[in-house]
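Engineer: Generate coordinates for the sequence data below:
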Amino acid sequence: MTGPLTGIKILDLAAVLSGPLAATWLCDQGAEVIKVESFVGDIMRHSIKGSNGLNAIFVSGNRGKNGIALDLKTQAGIDVVKRMVPEIDVVIQNFRPGVIERMGLGYETLKDINPAIVYCSISGFGNKGPYTNKRIYDPIIQAMSGLNAIQGGPDGPPKMIRTLMPDVVTALTAAQSITAALWSRERTGEGQHITVAMIDAMIALTWPDAMIGNMLVDGSEPGVPDRGDDLLYKTADGYITAGAVSQNEWQGMCRALGHEEWLDNERLNTPARRAGRTDEMAEILGPILATKPSQHWLDLFDENGVPCGPVLTCAEIPDNEQIIANELIEVLDHPGLGQIRQSRPAARFSGTPAKIQGPAPKLGENSRSILAQFGYSDGEVDDLFAKKIVR
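Structural biologist: Numbering: from 1, shown residues only. As a prediction, the model looks like this:
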């Protein structure tokens, strides 16, 4: 293992995406991650078509981990986890509030075994309130965080974001919080319990811009202008995005489009006025941009200092020249799946480089070696398999 978290051991008791993805990013940074699953396996193994419980979303969300399949409905299975805990630095779990405590693996129980443990609990809505025990998936948080309303705009119906944004944002929040807690432990020697609610993570994400009109309690602050679709434009052969925020950028855009008379338009001659008239901007820019190919406008905007870029499809991303220059997409050989693409760890460390540590595990693939790592003899391992505590 390499990376800034080399030497840290993480017990991943989580399922679906937010918890497992947080553990994966920490694994990319060098942590050793042990993924604990039921005999059925993480639901993401079965969410889309794959091979032997491996599919694109599971592989990306669980790469680099070692996997053990364990029956946590038995006391013997619970005891296996407790036997690991003295050597574990971090536990991540996203059972519904109260479930992990009833299982006997809550923070207070594990803290008694290992006072230095950093324990991260992820839930939809937190540990109190009327929604505490609701079953939660990403779309529910999208709806209740205001994200769908933001996407739909003030005059349109709400729209779903077509990616699992709350899950990913929660994973980022959890991973950052875990590293902060580990740093605190370096100074104090004490672990702690981190709780991350998906609703909290999402509202915190959108607050700086989307909630501008709701910051002042007396309601005197004007609402945030609706940006709508103003920054996306159809060209003769595709789509581009372009925006002029500063006055210099607006001057460059007017020059590039051959309409410098717009500089004298009092409705559009300041950033605030333009931001409040996105529909009007789209009406005057759209017909012009539709007349020529994307590259024509991108070159012209670049020459005039206007921020712009092509609108890439997912299939086009690996072949984009900037993505290639960043060496972002790696092609790996995955046992059972063949060659796969993965995005490398986004942050680069000059002294302790992060990297993809290996493939995602098949269900229970490393059960024997994990048990041996925590002091189980061959006989004890065979007994656990015979009693169907482990697979």
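Engineer: and the helix or strand hosting C27, how far out from the chain's middle?
Structural biologist: In this structure, C27 sits in helix 18-28 according to DSSP states H and E. Chain-centre distance of helix 18-28: 9 Å, with Cα atoms, centre = their mean, to the nearest Å.
Engineer: Which secondary structure elements does that helix sit against?
Structural biologist: Judged by 3 or more Cβ pairs under 8 Å, 6 or more residues apart in numbering; DSSP states H and E, helix 18-28 is in contact with strand 9-12, strand 32-37, helix 56-62, strand 90-93, strand 118-123, helix 165-188. Where C-beta positions appear, they are placed from N, C-alpha and C, glycine not excepted.
Engineer: Pull out the buried positions in that helix.
Structural biologist: Within helix 18-28, the residues that count as buried by 16 or more other Cβ atoms under 10 Å are 18-28.
Engineer: got it, and stretch 251-266?
Structural biologist: Residues 251-257, 262 are the ones in stretch 251-266 that count as buried (16+ other Cβ under 10 Å).
Engineer: next one: stretch 174-186
Structural biologist: Residues of stretch 174-186 classed as buried by neighbour count (16+ other Cβ under 10 Å): 174-175, 177-179, 181-182, 185.
Engineer: Check stretch 140-149 too.
Structural biologist: If you call a residue buried by 16+ other Cβ under 10 Å, then stretch 140-149 has these buried ones: 140-142, 144-149.
Engineer: Just put these in CSV and tack on distance to A210 and pLDDT.
Structural biologist: Compiled in CSV, those are given as follows (distance: Cβ to Cβ, whole Å; pLDDT from 0 to 100):
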residue, distance to A210, pLDDT
I140, 18, 96
I141, 15, 97
Q142, 13, 96
M144, 14, 95
S145, 10, 95
G146, 7, 93
L147, 8, 93
N148, 12, 94
A149, 9, 91
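Engineer: Out of the buried residues of helix 18-28, which comes closest to A325?
Structural biologist: Using Cβ to Cβ, D28 comes nearest to A325 of the buried residues of helix 18-28, at 20.8 Å.
Engineer: how about JSON lines for the helices and strands packed on helix 18-28, with mean pLDDT and distance to R135 added?
Structural biologist: Shown next, in JSON lines, are the helices and strands packed on helix 18-28 (pLDDT from 0 to 100; distance: least, Cβ to Cβ, whole Å):
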{"stretch": "strand 9-12", "mean pLDDT": "98", "distance to R135": "21"}
{"stretch": "strand 32-37", "mean pLDDT": "98", "distance to R135": "19"}
{"stretch": "helix 56-62", "mean pLDDT": "96", "distance to R135": "19"}
{"stretch": "strand 90-93", "mean pLDDT": "98", "distance to R135": "16"}
{"stretch": "strand 118-123", "mean pLDDT": "98", "distance to R135": "11"}
{"stretch": "helix 165-188", "mean pLDDT": "98", "distance to R135": "14"}
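Engineer: the strands in the stretch 251-391 of the chain, which residues?
Structural biologist: In the stretch 251-391 of the chain, the strands defined using DSSP state E, counting those that start in this stretch lie at 308-310, 329-334, 338-343.
Engineer: Check those strands for me and report the most buried one.
Structural biologist: Per-stretch averages of neighbours, counted by mean count of other Cβ atoms under 10 Å, single out strand 308-310 among the strands of the stretch 251-391 of the chain, with a mean of 18.
Engineer: helices and strands around that strand, which ones?
Structural biologist: The contact analysis (3+ Cβ pairs under 8 Å, 6+ apart) places strand 308-310 against strand 239-242, helix 294-303.
Engineer: now those in TSV, with mean pLDDT?
Structural biologist: Formatted as TSV, the helices and strands packed on strand 308-310 follow (pLDDT from 0 to 100):
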stretch	mean pLDDT
strand 239-242	95
helix 294-303	97
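Engineer: Any chance of these in JSON lines with mean neighbour count as columns?
Structural biologist: Shown next, in JSON lines, are these (neighbours: other Cβ atoms under 10 Å):
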{"stretch": "strand 239-242", "mean neighbour count": "18"}
{"stretch": "helix 294-303", "mean neighbour count": "17"}
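Engineer: With E380 as the reference, name the closest of these.
Structural biologist: Counting by Cβ to Cβ, E380 lies closest to strand 239-242 out of these; the figure is 59.4 Å.
Engineer: Tell me which residues of the lowest-mean-pLDDT helix or strand in the chain come out buried.
Structural biologist: Using mean pLDDT, DSSP states H and E, helix 271-275 stands out as the lowest-scoring helix or strand of the chain, at a mean of 83. Applying a neighbour-count criterion of 16+ other Cβ under 10 Å, one finds R274 buried in helix 271-275.
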